[in-house]
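Undergrad: Let me see the structure of the following:
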Amino acid sequence: AESEEERGVAHICEHLAFNGTENYSNHDIVKFLESIGAEFGACQNAYTSADETVYELLVPIDKPGLLRQACTVFAEFATKVIIADADLERERGAVLEEWRQGRTSGGRAAEAHWKLILAGSQYADRLPIGLESVIRHAPASVVRGFYTKWYRPENMCAVVVGDFPDADEVVQMLQETLALCAVPADANPVAPPLPAFDFSAHAAPRYLAWVDNETLQSIVYVSFKHPKIVLDTPAQYRMHLVGEIFCIALNNRFFKISRRNDPPFYNAGTQSEELARPVQSSLLNASCPEGCTLRALEALLVEVARVRMHGFSERELRIARARLLSDLETNYLERDQSYSTDLRDEYVRHFLLGEFVAGGGDEG
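TA: The predicted structure is shown next:
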């Protein structure tokens with residue numbers, strides 16, 4: 001949703017929310033966060049990705065009034081953040097420091113990987129941290145314009161998860177506090193459509209040799225990009241479990257290879273990589289001795305080709321299924337000990353992606 005002059009502004013808005021709102025000063029917000037034992041800071045209680053900004057708080061429910069106050073603060077974040085010149089100037093330093101922390105060898109390699117795999121799409125040039133020039137010089141009017149345009153009730157969802165004695169009472173409290181989320185008078189009465197981007201395929205493989213003097217070891221990545229798979233039906237979830245079995249079986253093979261005499265890599269693995277809302281990839285990666293990247297790459301691709309041609313043995317599949325079933329059984333047996341954040345994240349994905357909500361103890 002960011003224009004060229006707004007690259008990084010969504011992340012700046014996230015920071016400014018904790019700086020002050022119409023009814024909560026910075027001191028009030030800090031005092032409230034301290035009262036619930038939360039760490040202070042935008043990066044501690046929120047995140048901004050390529051597609052969304054999510055604010056989160058862990059609130060103890062044994063103290064009356066804290067949950068209502070937390071929801072009131074969130075309602076203020078939604079439409080009443082103060083974006084003044086002085087506030088923005090004070091926050092630039094914190095955002096710039098976060099930008100600098102990402103300029104490590106690992107951060108630079110991750111950015112190069114991101115741009116390579118997403119080249120040809122809007123995402124390639126829209127890393128959430130944005131541009132240094134925008135962080136340093138974007139005027140408050142631009143930040144305020146972005147906030148007013150996109151921070152609207154039509155684009156928002158509130159998720160509250162906890163061991164509540166009366167869920168209906170929590171719903172009523174939410175309705176009362178979130179009624180404060182009114183569209184600002186100077187905003188367009190009609191919400192602009194949210195931008196949607198399709199999966200962008202390419203005909204030939206892309207490759208990149210990334211050299212960085214600060215890199216401590218050689219790493220090989222192979223990404224097989226494909227459209228995002230949304231787990232919104234039992235059939236899709238079944239395919240997700242099949243993919244889990246595949247990853248376990250292939251990772252077991254990689255582990256055995258790494259234990260050979262003179263192996264092509266120190267360790268290797270495969271997993272699903274979440275890139276952006278319409279895109280994900282199946283990722284192969286390996287760390288290897290210096291000068292052995294081609295050998296490691298060949299070993300990864302040969303093993304994948306071997307699976308494609310001959311599949312897995314019954315023994316490999318039996319071990320992988322047993323491992324997955326063990327994990328699912330453990331989740332079920334420990335369902336009463338699971339964290340509320342796990343269920344919260346499921347509801348967040350349901351709102352953002354349309355995934356169904358199974359509940360940690362019911363998955364599988």
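Undergrad: What are the boundaries of the helices in this protein?
TA: Taking DSSP state H as the test, the helices found in the chain are 9-17, 26-35, 42-45, 66-79, 85-101, 105-117, 132-137, 140-150, 167-178, 234-258, 293-310, 314-333, 340-353.
Undergrad: most packed of those helices?
TA: Mean neighbours per residue, mean count of other C-beta atoms under 10 Å, is largest over the helices of the chain for helix 9-17, with a mean of 25. Where C-beta positions appear, they are placed from N, C-alpha and C, glycine not excepted.
Undergrad: now it against helix 26-35, angle please.
TA: Here helix 9-17 runs at an angle of 80 degrees relative to helix 26-35 (axes from the mean of the first three to the mean of the last three C-alpha atoms, to 10 degrees).
Undergrad: and the helices of the chain, which one's lowest on average pLDDT?
TA: The stretch with the lowest mean pLDDT among these is helix 42-45, at a mean of 67.
Undergrad: start to end distance for stretch 330-346?
TA: Start-to-end span of stretch 330-346 (C-alpha to C-alpha, to the nearest Å) is 18 Å.
Undergrad: Go through the helices of the chain and name the closest to residue 265.
TA: Among these, helix 293-310 comes nearest to residue 265, with 4.3 Å by C-beta to C-beta.
Undergrad: Rebuild the helices of the chain as a markdown table, extending it with distance to residue 269.
TA: As requested, the helices of the chain are exported to a markdown table (distance: least, C-beta to C-beta, whole Å):
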| stretch | distance to residue 269 |
| --- | --- |
| helix 9-17 | 30 |
| helix 26-35 | 37 |
| helix 42-45 | 28 |
| helix 66-79 | 38 |
| helix 85-101 | 26 |
| helix 105-117 | 16 |
| helix 132-137 | 34 |
| helix 140-150 | 37 |
| helix 167-178 | 41 |
| helix 234-258 | 5 |
| helix 293-310 | 10 |
| helix 314-333 | 14 |
| helix 340-353 | 23 |
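Undergrad: closest one to residue 56 among the ones you listed?
TA: Closest of the helices of the chain to residue 56 is helix 42-45, at 5.9 Å (criterion: C-beta to C-beta).
Undergrad: rewinding a little: between the helices of the chain, which gets nearest to residue 157?
TA: So among these, helix 340-353 is nearest, using C-beta to C-beta, at 4.2 Å.
Undergrad: Check the offset of the closest one from the chain's centre.
TA: Offset of helix 340-353 from its chain centre (C-alpha atoms, centre = their mean, to the nearest Å): 12 Å.
Undergrad: packing partners for it?
TA: Helix 340-353 is packed against no helix or strand, with contacts defined by 3 or more C-beta pairs under 8 Å, 6 or more residues apart in numbering; DSSP states H and E.
Undergrad: by how many degrees do that helix and helix 314-333 diverge?
TA: Relative orientation of helix 340-353 versus helix 314-333 (the same axes, to 10 degrees): 110 degrees.
Undergrad: Let me see the residues that make contact with helix 340-353.
TA: By C-beta atoms under 8 Å, 6 or more residues apart in numbering, the surrounding residues in contact with helix 340-353 are 51-52, 54, 56, 58, 157, 159, 161-163, 228, 230, 277, 355-360.
Undergrad: Could I have the buried ones of the residues you listed as ChimeraX selection syntax?
TA: The ChimeraX command for the buried members of the contacts of helix 340-353 (criterion: 16 or more other C-beta atoms under 10 Å) is given here:
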select :51,52,54,161,277,355,360
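Undergrad: The contacts of helix 340-353 in strands, which ones?
TA: Among the contacts of helix 340-353, the members found in strands (DSSP state E) are residue 54.
Undergrad: on that earlier part again, looking at the helices of the chain, which is nearest to residue 268?
TA: Across the helices of the chain, residue 268 has its closest neighbour in helix 234-258 (4.0 Å, C-beta to C-beta).
Undergrad: elements contacting that closest one?
TA: Helix 234-258 packs on strand 267-276, helix 293-310, helix 314-333, going by 3+ C-beta pairs under 8 Å, 6+ apart.
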